[in-house]
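1. just the structure for this:
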Amino acid sequence: MSNALTPSPQPQLPNGVASLVPERFANPIAQVQGLLAQPAVRRSLPMVLLVGLLATAAIAWMMLATPTQKTLFSGLSDADKGSVTAALTTANIKSHIDDSTGAVTVNEEDFSRARILLAGQGLPKAAPGGYQILDNLPMGVSRAVEGERLRQARETELARSIQEIDAIAEARVHLATPEASVFVRDNAAPSASVIVKLQPGRSLGDAQVASIVNLVASSVPGMKPENVTIVDQMGGLLTKGANESATSAASDERIALQRRVEEKYRAQIVQLLTPLIGAGNFTTEVQADVDLNETQATKESYDKAGALRVEQGQWTSNGKDGGQAPGGIPGALSNTPPPASTLSAPQPAPTPGAPGAPGAPAAAAPGAATGPAAAAAGAVSDALKASDQYSRAYDLGKEVSVSRTAPGAITHLSVAVLLRDPETGKPRGTVEIQQITQLVQSAVGYNQQRGDVVTVISRKFAGAAALDDKQPWYEAGWLPVVARNLTAIVVALLVLFLGVRPLVKAISKKKGDTPADATGLPRDLLGEAQGGGLAAPRTGEPVTIDALEGARSYDERIGMVRGFTRDNPARAALAVRDMIKS
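-> Next up, the predicted model:
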């Protein structure tokens, strides 16, 4: 018995290797094989593999079945994180907090619902801003820190004021206020930069941009409107630059005028053709050449016939009246009455100023009048004049007219209308197209003299699939969710059918084929022993050396030894003692 239970000799190693490597680490592969060959390990190995496969399937399911996370908020305080997660949990929305970034994330399909829910509850509560920052100033801060806090408070308050505009979702304001200097030449004007995030599909008009500029400029002392810059979330400059010339501004206004004219005609055509053809069955484009030149003209005209304004002159007598000029010493003779006059027939006097007429003026202004002015000048008979000299000034008529032509006159108009052919039936006829052409001409004020062109044609439109810019099916939002769930299901089925099922079958077959009886021997070995093939004892009989030596495998020998030990504990103890002594 002692010889049969003597352990087999271990493989010998060279002396050098045996001295360097401990005996238990000499052959790790053999030790692992020996460990796996033990009955307890071999019996528990299928269960270990089954548990490992189930764990692997569970991990794969968790990794693949977890929906894609989308960041809801980032950079929140701990109080806001607690409030947000509590509100989401109450609404049965799963949320996660990223350990590395601290961002609050939710499932992609719950993102919009979570944002609406939190916005309705006023979460997250913004950190103290505006002039509330000044309430948290610690004692003993420096002047520079106090100035920065004051500037930050102004920026926050201005941003909140700008966000009150309906078209603006978010706003940020940056103020640049230089230090005041005692030297006037070194003083710099403050400036501001505003970045706005507009609501989807909204835009700011020129009046709204100007109001924001004036709001910011009026809120900072010494700031001018031209020092305020406004930029949208796309990087577009919304304010007009100070260096922009007047010509550029005028060009923008003229282009805007042309667009308004074209939109007016296009709206008229759409309003006219929609009841007749139907919406979506036609398209139209209008090109209007608008005279954008502004003309100013000044005209002055004078009347050829003037009016006498001033006349100055003198004349001398020719002495033909026979009288003597009074002379001598004044006295009695000078007071005598004049002699009796002699009547004579008057002689016709020539027209004053006529060529060759006696007594013509020596010098007269060009264009002397021959009407009442000449009669007044010739009140004294020319026969009594030896010479005369006159200087006359005339007022000429003056007419001043100023005309200004405003821009906007249409010089040429081109209209193109494309009609959709009916899907079923005959295409549109020539008469129908001519009638539509006449309607369009009447709607836009067609003028042949200025070269207007109106073109109407009928064609089949492209398919709706070619015109609609739809999202491809492989970019749809539901596809990743379906693919993730299908992949998790496939992995679970593979693990179930390729791993779990074979192991369960093997375990059940082994338990059904090799049960042990009271002697500790396998049932098939016990049957062979009862048939006379081996000297194995029956139930209750002791185990012999011949039965141990005739065992076919190591497991059978272990079972016999186990049965021998159970039946003969004293002899087994003696055998172990002999093995230890040897």
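
2. quickly find the element holding His96.
-> strand 95-97 (DSSP states H and E).

3. ditto for Ala60
-> Here Ala60 is assigned to helix 39-65, by DSSP H and E.

4. average model confidence for whichever helix or strand comes after that helix?
-> Note on helix 39-65: by DSSP H and E, the next helix or strand toward the C-terminus is strand 69-73. Mean per-residue pLDDT for strand 69-73: 86.

5. what's strand 69-73 packed up against?
-> With contacts taken as 3 or more C-beta pairs under 8 Å, 6 or more residues apart in numbering; DSSP states H and E, strand 69-73 sits against helix 78-90, strand 104-107, helix 111-120. In short, each C-beta sits where N, CA and C put it, glycine included.

6. do that again at 10 Å, thanks
-> Where contact means 3 or more C-beta pairs under 10 Å, 6 or more residues apart in numbering; DSSP states H and E, strand 69-73 is packed against helix 78-90, strand 95-97, strand 104-107, helix 111-120.

7. let me know which of those is the nearest to Pro190.
-> Counting by C-beta to C-beta, Pro190 lies closest to helix 78-90 out of the helices and strands packed on strand 69-73; the figure is 33.5 Å.

8. can you map out the strands along the stretch 401-550 of the chain?
-> Assigned strands in the stretch 401-550 of the chain, in chain order: 409-420, 453-459 (criterion: DSSP state E, counting those that start in this stretch).

9. turn these into a markdown table, columns for mean neighbour count.
-> Formatted as a markdown table, those follow (neighbours: other C-beta atoms under 10 Å):
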| stretch | mean neighbour count |
| --- | --- |
| strand 409-420 | 17 |
| strand 453-459 | 16 |
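
10. redo those strands as TSV? Include distance to Asp388 and mean pLDDT.
-> Converted to TSV, these look like this (distance: least, C-beta to C-beta, whole Å; pLDDT from 0 to 100):
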stretch	distance to Asp388	mean pLDDT
strand 409-420	61	91
strand 453-459	75	93
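
11. ok, which of those comes nearest Leu486?
-> Per C-beta to C-beta, nearest to Leu486 of those: strand 409-420, 43.2 Å.

12. parallel or antiparallel, list what pairs with the closest one.
-> With DSSP bridges as the test, strand 409-420 is paired with strand 282-291 (antiparallel), strand 453-459 (parallel).

13. for that strand, output the C-alpha coordinates as PDB.
-> Below are the C-alpha coordinates for strand 409-420, written out as PDB (Å, rounded to 0.1, in the frame of the first residue of the first chain):
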ATOM      1  CA  ALA A 409     -36.900 105.700 -62.000                       C
ATOM      2  CA  ILE A 410     -37.000 102.300 -63.800                       C
ATOM      3  CA  THR A 411     -35.000 102.300 -67.000                       C
ATOM      4  CA  HIS A 412     -35.500  98.700 -67.900                       C
ATOM      5  CA  LEU A 413     -37.500  95.800 -66.600                       C
ATOM      6  CA  SER A 414     -36.900  92.000 -67.200                       C
ATOM      7  CA  VAL A 415     -39.400  89.500 -66.000                       C
ATOM      8  CA  ALA A 416     -39.100  85.700 -66.300                       C
ATOM      9  CA  VAL A 417     -41.900  83.300 -65.300                       C
ATOM     10  CA  LEU A 418     -41.600  79.500 -65.400                       C
ATOM     11  CA  LEU A 419     -44.800  77.500 -65.300                       C
ATOM     12  CA  ARG A 420     -45.100  73.800 -64.300                       C
END
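
14. how far is it from where the chain is centred?
-> 33 Å (C-alpha atoms, centre = their mean, to the nearest Å).

15. got a list of what the closest residue to Glu294 other than its chain neighbours touches?
-> Of all residues not flanking Glu294 in the chain, Pro407 sits nearest, at 5.3 Å (C-beta to C-beta, 6 or more residues apart in numbering). By C-beta atoms under 10 Å, 6 or more residues apart in numbering, Pro407 lies in contact with 250, 253-254, 257-258, 290-295.

16. rewinding a little: nearest to Val231, of the strands of the stretch 401-550 of the chain?
-> Set against Val231 and scored by C-beta to C-beta, these come closest in strand 409-420, at 37.1 Å.

17. rewinding a little: can you say which of the strands of the stretch 401-550 of the chain is nearest to Gly445?
-> Evaluated over the strands of the stretch 401-550 of the chain, closeness to Gly445 peaks at strand 409-420, with 7.8 Å, by C-beta to C-beta.

18. just put the strands of the stretch 401-550 of the chain in a markdown table and tack on distance to Ser508.
-> Below are the strands of the stretch 401-550 of the chain laid out as a markdown table (distance: least, C-beta to C-beta, whole Å):
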| stretch | distance to Ser508 |
| --- | --- |
| strand 409-420 | 73 |
| strand 453-459 | 76 |
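
19. pLDDT score for Lys224?
-> As predicted, Lys224 sits at a pLDDT of 91.

20. report how many residues lie close to it.
-> 13 (other C-beta atoms under 10 Å).

21. what's the neighbour count on Arg43?
-> Using other C-beta under 10 Å, the number of residues around Arg43 comes to 12.

22. doesn't Ile507 make contact with it?
-> Yes. The pair Arg43 / Ile507 is scored as a contact, 8.9 Å apart, by C-beta atoms under 10 Å.

23. list the contacts for the residue lying closest to His174 once chain neighbours are set aside?
-> Once flanking residues are discounted, His174 sits nearest to Ser193: 4.5 Å by C-beta to C-beta, 6+ apart. Counting by C-beta under 10 Å, 6+ apart, Ser193 makes contact with 172-176, 216, 227-231.

24. check contacts around Leu215.
-> 158, 161-162, 165, 194, 225, 228.

25. which two among those are spaced furthest apart?
-> It's Ile165 and Pro225 that sit farthest apart of the contacts of Leu215, by C-beta to C-beta, at 17.4 Å.

26. give me the neighbour count for the closest residue to Phe111 other than its chain neighbours.
-> Nearest in space to Phe111, with sequence neighbours left out and distances taken as C-beta to C-beta, 6+ apart, is Lys70 at 4.7 Å. Residues lying near Lys70 (other C-beta under 10 Å) number 15.

27. and Lys70, how close does it get to Glu253?
-> Look at Lys70 and Glu253: by C-beta to C-beta, to the nearest Å, they are 45 Å apart.

28. do the same with Gln268
-> On the measure of C-beta to C-beta, Gln268 and Glu253 end up 23 Å apart.

29. could you do Gly550 as well?
-> Going from Gly550 to Glu253 by C-beta to C-beta gives 115 Å.

30. tell me what the helix or strand that contains Ile230 is packed against?
-> Using DSSP H and E, Ile230 sits within strand 228-232. Counting contacts by 3+ C-beta pairs under 10 Å, 6+ apart, strand 228-232 packs against strand 168-176, strand 191-198, helix 206-219.

31. the helix or strand hosting Ser251 - what's its average pLDDT?
-> Secondary-structure assignment from DSSP H and E places Ser251 in helix 246-277. Here helix 246-277 scores 84 as its mean pLDDT.

32. list the buried residues for that helix?
-> For helix 246-277, the neighbour count (16 or more other C-beta atoms under 10 Å) marks 254, 258, 261-262, 265-266, 268-269, 272-273, 277 as buried.

33. low pLDDT regions in this protein?
-> By pLDDT under 70, the weakly predicted segments of the chain are 1-26, 64-66, 126-138, 241-250, 302-306, 317-385, 397, 463-471, 510-545.

34. go with 50
-> 1-21, 242, 322, 349-378, 465-468, 514-539 (pLDDT under 50).
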